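[1] sequence and computational prediction follow.
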Protein chains: 2
Amino acid sequence: MTAPFFTDRLDDARARVEACLEALLGPDPRAGETARPPTLMAAIRHGVLNGGKRFRPFLVIESTRLFDGPEEAALRVGAALECIHCYSLIHDDLPAMDDDDLRRGRPTVHKAYDEASAILAGDSLLTLAFDIIADDETALSPEARLRLVAALSRAAGIGGMAGGQALDLAAEKSPPDEDGIITLQAMKTGALIRFGAEAGAVIAGAGEDERRRLHHYGAVIGLAFQLADDLLDLTADAETMGKATGKDAGRGKGTLVALHGPEWAERRLGELVAEAESLLSPFGAKAETLVEAAHFVARRKN
Amino acid sequence: MTAPFFTDRLDDARARVEACLEALLGPDPRAGETARPPTLMAAIRHGVLNGGKRFRPFLVIESTRLFDGPEEAALRVGAALECIHCYSLIHDDLPAMDDDDLRRGRPTVHKAYDEASAILAGDSLLTLAFDIIADDETALSPEARLRLVAALSRAAGIGGMAGGQALDLAAEKSPPDEDGIITLQAMKTGALIRFGAEAGAVIAGAGEDERRRLHHYGAVIGLAFQLADDLLDLTADAETMGKATGKDAGRGKGTLVALHGPEWAERRLGELVAEAESLLSPFGAKAETLVEAAHFVARRKN
């Protein structure tokens, strides 16, 4: 059972991030902008304001709170991270990629608009993420903003999320071994989660040891996130005889759950949550929300 | 006839930018990178190392030289700008966009590889551009790097190149009026050229007046660049009876040349070159390469 204070924090972060995204994607162009093409903006808003959990921005906000860092900056960096996450979903859903018509029960961007708009909406969101962080409105030192740009571009790029998606497509033709699966997942889903967890240390100007500790925490809950996902997929698969869910296994992509079985996965999830708790123990009671986040990730049912 | 010193400078810049791109897209991942998926890297290299003129990086290098700014940093910022330009070509060539099979006589990325690889190659290059600028290897102050990230993300994003491409797609269905054409072109092709021209002032730490002057110069040669393009398209069209070239007119997209005729366009090109010269006159002989660049752009035949 999820602690009520955790649900409150998650809901609060989601509401504030959505308000921030709403403002950033609003109808009024910012000073100096020539134009915001209406159809493009509508496609972007469709892909972003979609009822997501905003878990990645939540990590940015909570890791910043750990050091009493500036909330407003955390919100903007979280919104930038969510723009990257949403761009990746829009492009992943394209016919040439995963070819999905629905996301969260609504038409995907290329279905609601068209493929060209979906490609450009993704490109625009990816670009906007760096614009948001670099902008003076993100009231952090130039050094901190630059470090965030560097870390986010690495997390999203060839050696991070985009590279992981490329490995995932390759995995359909040639299934990876266990090390290959671990690398793929650490890149495809892990990289943005690690960024979200460590961002607070950069935003708040915490020390290098603390940044590394949060990065490690991010790696641990990233693993748990993926494991819970794969477990959910397998369970749902067994129950529904492989319709819609069970897609990863059906496509011949190996998962660690498929390799080692659900009992192993449940045990491993327990170990990961314990590791996350141990990593956060130096922060004491201030880290209770991030500790709870590890439980939440491991237990999640959707 | 193009001045020999100008051709030398352009060739020299191209060779150095290609060496820089080759190193940035090399087989060895940088320290801290987990993996560079080989197929993705091959698709990226196909889309970048393609015999381009590297005119945008040339502008960065020459505008930096105007203030005796650091050459190595200019090269890296130029390479980042070229990554953005190449990503845009890869995505624009996709079947859902302009649907081109050939570029510079070679198969486009989605033809040589596949659509998913082309989408990811573009995404990766866009992301890499910000990584390159933010990296400590780009030996500039954090303030300067951050300003470059901010300016480049705006030039490439919703209010710049990506937005211009969205307007261009919309123009196929509903042809814009003269103001609409000017806005579209200033965003789609003008924004990156303006960035290239003003980047040197930021790289070299020149004053705000000088940055604005170069920005204005970039706007003027951007207009000339597009006008020469449209003129070339119309002339080639008349000669070849509308095959392959003449595509823009054939698709119902208006151009200023189509509106006002080739004589007007030739006269306007002359005015723009004179305006570029006048903007650069305070820099004296140091600006002779950028003056020549304006002539080059206006006279270009491919």
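    That came in fine, so what should we check first?

[2] contacts only, for the spatially closest residue to A:T108 that is not a sequence neighbour.
    Sequence neighbours aside, A:D93 is the residue nearest to A:T108 in space, at 4.1 Å (criterion: CB to CB, 6 or more residues apart in numbering or on different chains). For the C-beta atoms, the positions are set from N, CA and C on the backbone; glycine is no exception. By CB atoms under 8 Å, 6 or more residues apart in numbering or on different chains, the contact list for A:D93 reads A:99-100, A:103, A:108-110, A:118.

[3] sketch out the low-pLDDT regions of chain A for me.
    Flagging of chain A using pLDDT under 70 yields the residue ranges A:1, A:28-34, A:237-253, A:302.

[4] which residue ranges form the strands in it?
    A:102-103, A:106-107 (DSSP state E).

[5] buried deepest among these, which one?
    Greatest average neighbour count among these goes to strand A:102-103 (a mean of 15), per mean count of other CB atoms under 10 Å in any protein chain shown.

[6] please state the offset of it from the chain centre?
    Distance of strand A:102-103 from the chain centroid (CA atoms, centre = their mean, to the nearest Å) equals 17 Å.

[7] give me the number of residues near A:L94?
    Look at A:L94: counted by other CB atoms under 10 Å in any protein chain shown, it has 22 neighbours.

[8] actually A:A80, sorry about that
    Neighbour count for A:A80, taken as other CB under 10 Å: 29.

[9] OK, contacts around it?
    Going by CB under 8 Å, 6+ apart, A:A80 touches A:128-130, A:132-133, A:152.

[10] contacts for stretch A:42-53 next, please.
    Contacts of stretch A:42-53 (CB under 8 Å, 6+ apart): A:10, A:14, A:18, A:21-22, A:25, A:82-83, A:85-87, A:89-90, A:103-104, A:106, A:109, A:112-113, A:117-118, A:120-122, A:124-125, B:158.

[11] ends of it, what's the gap?
    End-to-end distance of stretch A:42-53 (CA to CA, to the nearest Å): 21 Å.

[12] report the separation between the closest residue to A:L272 other than its chain neighbours and A:S281.
    Using CB to CB, 6+ apart and skipping residues adjacent in sequence, the residue nearest A:L272 is A:A224, 4.3 Å away. Using CB to CB, to the nearest Å, A:A224 is found at 17 Å from A:S281.

[13] just A:A166 next, same as before
    Counting by CB to CB, the gap from A:A166 to A:S281 is 37 Å.

[14] quick one: which of the strands of chain A is nearest chain B?
    Closest to chain B of those, according to CB to the nearest CB: strand A:106-107, at 16.2 Å.

[15] that closest one pairs with which strands, parallel or anti?
    With DSSP bridges as the test, strand A:106-107 is paired with strand A:102-103 (antiparallel).

[16] can you show me the CA trace of stretch A:116-135 as PDB?
    Presented in PDB, the C-alpha positions along stretch A:116-135 are these (Å, rounded to 0.1, in the frame of the first residue of the first chain):
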ATOM      1  CA  ALA A 116       5.000  14.600 -40.600                       C
ATOM      2  CA  SER A 117       3.500  16.500 -37.700                       C
ATOM      3  CA  ALA A 118       4.500  13.800 -35.300                       C
ATOM      4  CA  ILE A 119       8.100  13.800 -36.500                       C
ATOM      5  CA  LEU A 120       8.200  17.600 -36.300                       C
ATOM      6  CA  ALA A 121       6.500  17.700 -32.900                       C
ATOM      7  CA  GLY A 122       9.100  15.300 -31.500                       C
ATOM      8  CA  ASP A 123      12.000  17.200 -33.000                       C
ATOM      9  CA  SER A 124      10.500  20.500 -31.600                       C
ATOM     10  CA  LEU A 125      10.100  19.000 -28.100                       C
ATOM     11  CA  LEU A 126      13.700  17.700 -28.100                       C
ATOM     12  CA  THR A 127      15.000  21.100 -29.100                       C
ATOM     13  CA  LEU A 128      12.700  22.900 -26.600                       C
ATOM     14  CA  ALA A 129      14.100  20.900 -23.700                       C
ATOM     15  CA  PHE A 130      17.500  22.500 -24.100                       C
ATOM     16  CA  ASP A 131      15.900  25.900 -24.700                       C
ATOM     17  CA  ILE A 132      14.100  25.600 -21.400                       C
ATOM     18  CA  ILE A 133      17.200  24.800 -19.400                       C
ATOM     19  CA  ALA A 134      19.400  27.300 -21.100                       C
ATOM     20  CA  ASP A 135      16.900  30.100 -20.800                       C
END
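
[17] starting at the chain centroid, how far to it?
    Offset of stretch A:116-135 from its chain centre (CA atoms, centre = their mean): 16 Å.

[18] quickly check: it near chain B or not.
    Yes. Stretch A:116-135 is in contact with chain B by CB under 8 Å from any CB of the partner chain, via A:116-117, A:119-120, A:122-124, A:126-128, A:130-131, A:133-135.

[19] among the residues you listed, which are in helices?
    Applying DSSP state H to the residues of stretch A:116-135 next to chain B, the entries found in helices are A:116-117, A:119-120, A:122-124, A:126-128, A:130-131, A:133-134.

[20] can you flag the buried ones in these?
    A:116-117, A:119-120, A:122-124, A:126-128, A:130-131, A:133-134 (16 or more other CB atoms under 10 Å in any protein chain shown).

[21] my read: A:D114 touches B:A96, true?
    Yes. With contacts counted by CB atoms under 8 Å, A:D114 reaches B:A96, the gap being 7.2 Å.

[22] which one of those two is surrounded by more residues?
    Taking other CB under 10 Å, A:D114 and B:A96 do not tie; B:A96 has more neighbours (21 against 15).

[23] check contacts around the residue nearest to A:L140 when sequence neighbours are not counted.
    Using CB to CB, 6+ apart and skipping the chain neighbours, the partner closest in space to A:L140 is A:A73 (5.0 Å). Listed by CB under 8 Å, 6+ apart, the contact set of A:A73 reads A:64, A:138-140, A:203.

[24] what does A:P27 give?
    A:P27 makes contact with A:36, A:41, according to CB under 8 Å, 6+ apart.

[25] who's more crowded, A:A224 and A:S281?
    Neighbour totals were compared for A:A224 and A:S281, and A:A224 leads with 27 against 10 (other CB under 10 Å).

[26] so what's the more buried one up against?
    A:269, A:272-273, A:276, A:294, A:297-298.

[27] most neighbours among those, which one is it?
    Busiest of those [other CB under 10 Å] is A:A276, holding 27 neighbours.

[28] make sure it is actually in contact with A:F296.
    No. A:A276 is beyond contact range of A:F296, at 10.8 Å (criterion: CB under 8 Å).

[29] rewinding a little: in helices only, show me the contacts of A:D93.
    Among those, the members falling in helices (DSSP H) are A:109-110, A:118.

[30] identify the spatial nearest neighbour of A:D177, chain neighbours not counted.
    In space, A:D177 is closest to A:G254, 7.9 Å off (CB to CB, 6+ apart).

[31] now do the phi/psi pair for A:P175.
    The phi and psi values for A:P175, taken as degrees, to the nearest 10, are phi -60, psi 130.

[32] next one: A:G205
    Here is the backbone geometry of A:G205 (degrees, to the nearest 10): phi 70, psi 30.

[33] pretty sure it sits against A:A144.
    Yes. Using CB under 8 Å, A:G205 makes contact with A:A144 at a distance of 6.6 Å.

[34] the more surrounded of these two?
    Counted by other CB under 10 Å, A:G205 and A:A144 do not tie: A:A144 has more neighbours, with 23 against 14.

[35] number of nearby residues for the residue nearest to that one when sequence neighbours are not counted?
    Nearest residue to A:A144 in three dimensions, chain neighbours excluded: A:V202, at 5.7 Å (CB to CB, 6+ apart). Residue neighbour count, defined by other CB under 10 Å, stands at 25 for A:V202.

[36] now A:V202: how far from B:L140?
    A:V202 is 20 Å from B:L140, where distance means CB to CB.

[37] mind listing what A:S63 touches?
    By CB under 8 Å, 6+ apart, A:S63 lies in contact with A:196-201, A:203, A:214, A:290.
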